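1. What would the 3D arrangement of this be:
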Amino acid sequence: MTKKKIKSLDILKIRVIIKRKTMGAQHLTQEEKARLYDDMVLRYQRLEEQVRLIKAKNFEITDEDQQQINIIESNMRKLYTDTQKLF
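-> Just a heads-up that it's a prediction; the model follows:
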């Protein structure tokens, strides 16, 4: 397995731990929190870029484009909420 695949698997395991109400993020090491936070920020920035590209595609946003933007922004809000749970 490559380091990238291993890192992705580790991040998935960490996400499962955070989602458990009984454990939460307090059981993660600072290194695990930092790695997870960096991953979340990178994903957030990618989502921002997707929204920017959709808006730049046309002068006027179509209903379909707006639906895509709404879904992406919903994912952005979820990511933001997850980052707040880390600390």
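2. make it CA atoms for all contacts and neighbour counts henceforth
-> Fine.
3. what comes up buried for the helix or strand containing Y44?
-> Per DSSP states H and E, Y44 falls inside helix 30-57. Counting neighbours by 16 or more other Cα atoms under 10 Å, one finds that the buried residues in helix 30-57 are 32-33, 36-37, 39-40, 44, 47, 50-51, 55.
4. Please name every helix or strand in contact with the helix or strand that contains L79.
-> For L79, the host element (DSSP H and E) is helix 63-85. With contacts taken as 3 or more Cα pairs under 8 Å, 6 or more residues apart in numbering; DSSP states H and E, helix 63-85 sits against helix 30-57.
5. just how off-centre is the helix it packs on within its chain?
-> Chain-centre distance of helix 30-57: 6 Å, with Cα atoms, centre = their mean, to the nearest Å.
6. In this structure, where is pLDDT below threshold?
-> 1-25 (pLDDT under 70).
7. hmm, 80 instead?
-> 1-28, 87 (pLDDT under 80).
8. On the three-state scheme, F59 is what?
-> coil (DSSP: H, G, I helix; E, B strand; the rest coil).
9. mind checking how far it is from L53?
-> 12 Å (Cα to Cα, to the nearest Å).
10. try R43
-> For R43, the distance to L53 - Cα to Cα - is 15 Å.
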